[in-house]
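Peer 1: predicted model and sequence follow; I will ask about them next.
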Amino acid sequence: MLRATSCPDDSGPTLPGNHQGDRLTAGLCLFRSPSGGNFFRSPSGSSFFVKSPSGNNLLSLSAIHQEARWEDEGGWRACSDERQVQHRMERDASMVRLLNLLDPASLVDQAASSPKNAAGAKRHQSASSLQAGPQLLRSNSNHEQHSALSQRGVAFVGATSAFMWYLLRLAMRDGLISVKTMQKQVALELHSLSAIHSLGWIVFLVSKLRQPREELPKYCSRALVASLGFYLHDCWMLKSTLLRSPGTLAHQFSLAVTIMSILRSKGVAWLAPALMSLSLPTLAQEILQLCGPLGIPASRPEVRGLRLIWFISFCASKLALVPLWLRHSQLPELHQPSLLPGKVSYMVSLFL
């Protein structure tokens, strides 16, 4: 089913010549928008985008994702000063420096090789910006490097972070946790890692409450990198449950995909605190699971209160991103291509 998206200005010229096999419905004319995207106009006057300036097909996007909004506002290179300030606030300079040292291809934005090349890119940009694709603009621009990750970067930092969680699990096994059966050993280790991860996020969220609203995206990227490794490690350890009980594995994997999408996107790190508010019910759940082995009866008021906290926080965290979406659904950053898998995976996690 084709969905229409409104065009800000339909006064562009009709594209002449052969469209190389594209079938045009009778009565539709192909136009070019001022932002460089192509759209059809029907006899009734309604119009909808076909291709964005980057060449992406927009007809198959659902109602929750309209890439035309992202493209019309400048795409990866923000036009407004306000958006540039927001992007600069979420930029993690430490990540940029470290990845430039270890693997520069892990970043979407590529650093200029020298001041001379940067000056040449600045002169060349004005002449070629209408013809160059987004990847060329990201590579040959003198813009400040953003900490958004490429697909290679997501794989690199995700694997590294997961390996660090694995080392932490081995350290707990050698120094703190020791049970007779291997199955109980692994289960206890995973519960301990989950409690540590949740407690870390709760401390991070509490620290955000004491900061100005403008600084909400600050340091969220590095916190998401740690969470990405945790969920990837969890998925690897739960792979044996794929056939008999895939619910937990699917939930953890959907969260990992959502985090990957945020790390690959620009200007959406402020979604991380709302997304990771699920750390509160997770921590409450881990404490409740310890009550049985410790011999604490379920009838005690403390246990009942903890159950109530778990239930309320679970419902709130599951829907935490929905009010944000309803309030900020018109923001161009929420419609960039790299965020679409995260939207889909988050919708899946709502039902798991």
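Peer 2: Noted; the coordinates are in hand.
Peer 1: ok, Val96 touching Leu107?
Peer 2: Yes. Counting by C-beta atoms under 8 Å, Val96 touches Leu107, with 6.6 Å between them. Quick note: C-beta positions are derived from backbone N, CA and C, even for glycine.
Peer 1: let me see the ranges of the helices in this protein.
Peer 2: Residue ranges of the helices in the chain, as given by DSSP state H, are 67-72, 81-90, 93-102, 115-128, 134-139, 151-175, 182-209, 220-237, 247-263, 272-275, 279-294, 301-318, 321-328, 340-349.
Peer 1: returning to what we had before: mutual contacts of Val96 and Leu107, please.
Peer 2: The contact sets of Val96 and Leu107 overlap at 145-147 (C-beta atoms under 8 Å, 6 or more residues apart in numbering).
Peer 1: what's stretch 288-303 in contact with?
Peer 2: Defining contact as C-beta under 8 Å, 6+ apart, one finds that stretch 288-303 is touched by 191, 304, 306-307, 310.
Peer 1: report the contact partners of Asp234.
Peer 2: Shown in contact with Asp234 (C-beta under 8 Å, 6+ apart): 190, 193-194, 252.
Peer 1: could you export those residues to a markdown table, including columns for pLDDT and neighbour count?
Peer 2: Output for these, formatted as a markdown table (pLDDT from 0 to 100; neighbours: other C-beta atoms under 10 Å):
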| residue | pLDDT | neighbour count |
| --- | --- | --- |
| Leu190 | 89 | 16 |
| Leu193 | 93 | 20 |
| Ser194 | 94 | 19 |
| Gln252 | 93 | 21 |
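Peer 1: could you work out the most separated pair of the residues you listed?
Peer 2: Leu193 and Gln252 (11.9 Å; C-beta to C-beta).
Peer 1: per-residue confidence at the residue most central in space within the chain?
Peer 2: Residue closest to the mean C-alpha point of the chain, counted by C-alpha atoms, centre = their mean, is Ile262 at 1.5 Å. pLDDT for Ile262: 95.
Peer 1: ok so, going back, let's see if you can find the most crowded of the shared contacts of Val96 and Leu107.
Peer 2: Among those, Ser147 has the most neighbours (other C-beta atoms under 10 Å), with 25 neighbours.
Peer 1: read off the pLDDT value for it.
Peer 2: Per-residue confidence (pLDDT) for Ser147: 91.
Peer 1: with the one 4 residues further on instead?
Peer 2: The pLDDT attached to Gln151 in the predicted structure is 94.
Peer 1: need the contact list for it.
Peer 2: So Gln151 contacts Arg264 (C-beta under 8 Å, 6+ apart).
Peer 1: next one: Phe253
Peer 2: Going by C-beta under 8 Å, 6+ apart, Phe253 touches 231, 235, 345.
Peer 1: do the same with Val348
Peer 2: The neighbours of Val348, taking C-beta under 8 Å, 6+ apart as the test, are 250, 254.
Peer 1: from Leu205, how far off is it?
Peer 2: Val348 is 24 Å from Leu205, where distance means C-beta to C-beta, to the nearest Å.
Peer 1: likewise for Pro301?
Peer 2: From Pro301 to Leu205 the distance is 27 Å (C-beta to C-beta).
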